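Engineer: Below are the sequence and a predicted model; questions follow.
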Amino acid sequence: MAVPRLSRSRLIVIASLALGSYFIYTAALGLYRTQQLEASRAEAERELRALQDQAAYLEAVRAYVASDAYVEQEARRRYGYIREGEIPFVVISPPADQEEQPSGTWWQRLFPR
């Protein structure tokens, strides 16, 4: 039994199809990786904006804590400081529920937005 021989034109067509398939696969893979990188970049930019917002908030808290207004507020709250001519009073509120747990970090609970 004789083995059929492929003609030169058929070999060229098969090689061209294989080479074309490889280029299409490579292009598709490059496009997929580019989309993944863009999604990752967008997520990183969102996280960066969130961290910049948090940094600005913490900077504002730091500036407030360094101010005289904060020092006076803490002196009034902790030590009962009153200025001359002011009338002191105490507000009594109902006790807080024990089941409610404060949420957020300590500085967010201390300085709510």
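Structural biologist: Cool, got the structure.

Engineer: Near Ala63, how many other residues are there?
Structural biologist: Counted by other Cβ atoms under 10 Å, the residues lying close to Ala63 total 10. C-beta here means a position set from N, CA and C on the backbone, and glycine is covered the same way.

Engineer: What average pLDDT does the helix or strand that contains it get?
Structural biologist: Using DSSP states H and E, Ala63 falls within helix 8-65. For helix 8-65, mean pLDDT rounds to 95.

Engineer: ok, now stretch 84-104?
Structural biologist: So the average pLDDT for stretch 84-104 ends up being 77.

Engineer: now it, how far from the chain's geometric center?
Structural biologist: 33 Å (Cα atoms, centre = their mean, to the nearest Å).

Engineer: For that stretch, buried residues please.
Structural biologist: Residues of stretch 84-104 include none that count as buried (16 or more other Cβ atoms under 10 Å).

Engineer: and what of stretch 69-76?
Structural biologist: Applying 16+ other Cβ under 10 Å to stretch 69-76 flags no residue as buried.

Engineer: Good, wrapping up.
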